[in-house]
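1. The following comprises the amino acid sequence and a computationally predicted model.
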Amino acid sequence: MTDPRRYCPQCAQPLAREERGGRARLVCLDAACGFVFWDNPAPVVAAIVEYGDDVVLVRNQGWPEHWYGLVTGFLEPGETPGDAVLREVREEVGLDAQLGELIGLYPFFRMNQIIIAYHVIAGPGEIRIDPIEIAAYRCVPIAQVQPWEAGTGLALRDWLRTRGYERELVPLRRA
Ligand SMILES: [Zn+2]
């Protein structure tokens, strides 16, 4: 497949930057093709995994050692967000879970994503991470878990509020 940022995915001609709909877009200059790369955000599901008295946080492969976040993933074709989030929890930490409430929708502009965040209730069962995607996990007591300054951290903060915990967001340190 051709790179949609350089070549038209419909006719393989180079793309050029032109204004469409009030913004500069990458467009195909072949008038008969007319492709526009709209670059719309992708939906991503995220899970606040309640597991006993804890929340399960994961460190994705390639993340800094101290970064732990929510279980996240992309929807498969034909999959509802609720089914997708339960599948991701099963795949990434090996737990069957029940869908809790939808926490909210959180823009993640840097990655051009919109995060659909759910609370899920996991277990019983043992955590078994998928070593291809997940480097490590932590079970952090709900009474202590700290939300962070990012879309998924805002979701965690909002969920903690429903449990009666008012928490400040902690900055994400790169190193
Ligand atoms: Zn084209």
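-> Arrived safely.

2. Pro9 against Cys28, yeah?
-> No. Counting by C-beta atoms under 8 Å, Pro9 sits too far from Cys28 to count as a contact (9.0 Å). Bear in mind the C-beta positions are built from the backbone N, C-alpha and C, glycine included.

3. who has more neighbours, those two?
-> Cys28 (22 against 14; other C-beta atoms under 10 Å).

4. that older thread, overlap of the contact sets of Pro9 and Cys28?
-> The overlap between the contact sets of Pro9 and Cys28 (C-beta atoms under 8 Å, 6 or more residues apart in numbering) consists of Phe35.

5. domains of this protein?
-> 1-39, 42-162 (automatic domain parsing).

6. Show the end-to-end separation of the last one, please.
-> To tie it back to what came earlier, the one meant is domain 42-162. Between the opening and closing residues of domain 42-162 lies a distance of 27 Å (C-alpha to C-alpha, to the nearest Å).

7. so Ala155 touches Ile116, yeah?
-> No. Using C-beta under 8 Å, Ala155 is not in contact with Ile116, being 9.3 Å away.

8. Counting neighbours, go ahead and name the busier of those two.
-> Between Ala155 and Ile116, Ala155 has the larger neighbour count (other C-beta under 10 Å), namely 24 against 21.

9. Am I right that the more buried one falls within a strand?
-> No. Looking at Ala155 with DSSP: H, G, I helix; E, B strand; the rest coil, it is helix, so not inside a strand.

10. Quick check: closest non-adjacent residue to it.
-> Among residues not flanking Ala155 along the chain, Ala117 sits closest, at 3.5 Å (C-beta to C-beta, 6 or more residues apart in numbering).
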